[in-house]
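could you work out the structure for the sequence below:
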Amino acid sequence: MKRILFIEPQPCIRALKLAYGLKWLLGEEISLVFGHQGKTLTEFYGYGDEFFDEFVLLSKEEPEKSISELVKRYNPDIIHSHNAPDYLTLAALNSVKGTPIIHDTHDALTMRKTPYNLTDGEDRVNQYAVEEKVANEKSQGRIYITKGVRDYLRNLYSLDSGSEIIFNNYVPKAIIPQKLEKKLSSTDGETHIVYAGTITSQTEGHHYDLREIFKEIADHQLHIHIYASREDAAYERMAQESKYIHYHGHLNQRALMKELTRYDYGWAGFNDTKNKTHLDVCLPNKTFEYISCGLPVLSYPHKTLTDFIEGNKVGFILNNIDELEESNTVRENVLKNRYSFTVENNIERLNNFYQTFMS
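Alright, predicted model coming up:
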């Protein structure tokens, strides 16, 4: 039996997807434990804890001691450390000997001009680069969320290209709706765009500060429907002031996926006022979720999103909202590819990568 220890400050949807995929592939032949410092997956997303044997709360004051004790008790074959930030990987490197550590970069923090956590002050932000360098150079293996992230980190640090893979944020086939709901546009003849994911109004110019983008969509008399990972009252107030902005709050993922099928397009573009370099390497979860729900993806010309959307003909890259034009060819291609970008189609690559550290 493989014994894999995940560690991450706050367990995230990517970790959930990987755990689901590993359990789908290996069943009882794999054991998973999650060491964390926040909420469990089910506390955060409504499901996910069922893929793990145990969740263990790691000390924020003494993470090295907590990780060392957990490793001694659980005896994992591999520690799979998810960022961001990167400090738990350093804690594992400092406290564990003899167990391979794989560092999974979800977010290269040195690309950002805004703090990862809103409470991070200047001293904490300055530590990002130190932690990122050590985590990538000293770990036995590395996983990157996109090719763009890999290329960026390769250019910065001394990395062994033979100990890495790229693994995108694929969608689990199990949550893809089998039935597509009736479109809102079939009733009112108007265009309905949906956004599902993180939003913020706390930091002006943050890449998830999408207020001006949503206002522009509404100004073109296109409906924008917002499903928030975390509630934000500023967006709810916007919806009260415009008949084209609709704030639906938070839904658990299974319910959300069904809802997404009712819309015409999925919005994936970011606010690139401050973090353009970072955004050029992003390929967010929502991209794959929209496609699996039959929605062409709309985005601004962020590089990795542009390469993926245009390369697979699954949406439209816009410099401004005026450029949006319907294409039956793109919509038909999206429908053909609803099940193409799934965890199940790709998880064996991760398992094979693990195996190289266990032989």
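
can we go C-alpha only for contacts and neighbour counts from here?
Noted.

what ranges does the stretch 51-200 of the chain have for its helices?
Along the stretch 51-200 of the chain, counting by DSSP state H, counting those that start in this stretch, helices occupy 63-74, 87-95, 122-138, 147-156, 185-188.

so what secondary structure elements neighbour the second one?
Same thing as helix 87-95. Contact analysis of helix 87-95 by 3 or more Cα pairs under 8 Å, 6 or more residues apart in numbering; DSSP states H and E lists helix 63-74, strand 78-82, strand 101-105, helix 122-138 as its packing neighbours.

hey, least reliable of the ones you listed by pLDDT?
Mean pLDDT is lowest for helix 122-138 among these, at a mean of 91.

what comes into contact with that one?
85-87, 89-90, 93, 103, 108-110, 115, 142, 157-159 (Cα atoms under 8 Å, 6 or more residues apart in numbering).

now do the buried residues in it.
For helix 122-138, the neighbour count (16 or more other Cα atoms under 10 Å) marks 125, 128, 131-138 as buried.

mind listing the residues bridging to residue 81?
Counting by DSSP bridges, residue 81 is bridged to residue 7, residue 103.

what's the local residue count around it?
Using other Cα atoms under 10 Å, residue 81 is surrounded by 29 other residues.

try residue 57
If you count neighbours by other Cα under 10 Å, residue 57 ends up with 19.

distance of it from residue 296?
40 Å (Cα to Cα, to the nearest Å).

quick check: pLDDT value at the residue most central in space within the chain.
The geometric centre of the chain, computed from its C-alpha atoms, lies nearest to residue 285 (Cα atoms, centre = their mean), at 4.6 Å. Looking at residue 285, its pLDDT is 92.

need the contact list for it.
Here residue 285 is in contact with 169-171 (Cα under 8 Å, 6+ apart).

ok, residue 205 next?
271-274.

repeat the analysis, applying 10 Å as the threshold.
Counting by Cα atoms under 10 Å, 6 or more residues apart in numbering, residue 205 touches 114, 211-212, 271-275.

likewise residue 116?
84-85, 107, 109, 124-125, 128.

shaky segments in the stretch 201-350 of the chain?
Applying pLDDT under 70 to the stretch 201-350 of the chain flags no residue at all.

strands of that one, start to end?
For the stretch 201-350 of the chain, the strands defined by DSSP state E, counting those that start in this stretch occupy 223-228, 245-247, 265-267, 297-299, 315-317.

make TSV from the ones you listed and add mean neighbour count to it.
TSV is the format used below for the strands of the stretch 201-350 of the chain (neighbours: other Cα atoms under 10 Å):
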stretch	mean neighbour count
strand 223-228	23
strand 245-247	23
strand 265-267	26
strand 297-299	25
strand 315-317	24
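
turn these into TSV, columns for distance to residue 194.
As requested, the strands of the stretch 201-350 of the chain are exported to TSV (distance: least, Cα to Cα, whole Å):
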stretch	distance to residue 194
strand 223-228	5
strand 245-247	9
strand 265-267	5
strand 297-299	10
strand 315-317	14
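
where does the prediction get shaky in the stretch 51-200 of the chain?
In the stretch 51-200 of the chain (pLDDT under 70), no residue qualifies.

how about the helices of the stretch 51-200 of the chain, which one is nearest residue 315?
helix 185-188 (18.0 Å; Cα to Cα).

which residues make contact with that closest one from outside it?
With Cα under 10 Å, 6+ apart, helix 185-188 has contacts from 191-192, 223, 262-264.

how about 8 Å then?
Residues contacting helix 185-188 (Cα under 8 Å, 6+ apart): 191-192, 263-264.

next one: stretch 349-359
22, 77-78, 100, 165, 167.

show the pLDDT at the residue nearest to residue 31 when sequence neighbours are not counted.
Nearest residue to residue 31, sequence neighbours excluded (Cα to Cα, 6 or more residues apart in numbering): residue 3, at 4.8 Å. For residue 3, the model assigns a pLDDT of 98.

start at 45 instead
Done: numbering now begins at 45, and the last item shifts to residue 47.

packing partners for the helix or strand residue 47 falls within?
Element membership of residue 47 [criterion: DSSP states H and E] is strand 46-52. Contact analysis of strand 46-52 by 3+ Cα pairs under 8 Å, 6+ apart lists strand 74-80, strand 122-126 as its packing neighbours.

list the buried residues for the next helix or strand after that strand?
Per DSSP H and E, the first helix or strand lying C-terminal to strand 46-52 is helix 57-70. Residues 57-68 are the ones in helix 57-70 that count as buried (16+ other Cα under 10 Å).

go on, stretch 395-403?
397-398, 401.

gap between the two ends of that stretch?
13 Å.

same thing with stretch 357-368?
Using Cα to Cα, the two ends of stretch 357-368 sit 15 Å apart.

identify the residues contacting that stretch?
Here stretch 357-368 has contacts from 260-261, 264, 335, 340-345, 350, 353-354, 374-375, 377-378, using Cα under 8 Å, 6+ apart.

buried subset of these as a ChimeraX selection?
This is how ChimeraX selects the buried members of the contacts of stretch 357-368, with burial counted by 16+ other Cα under 10 Å:
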select :261,335,340,341,342,343,344,345,350,353,374,375,377,378
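
inside helices: which ones of the contacts of stretch 357-368?
Among those, the members found in helices (DSSP state H) are 260-261, 335, 350, 353-354, 374-375, 377-378.
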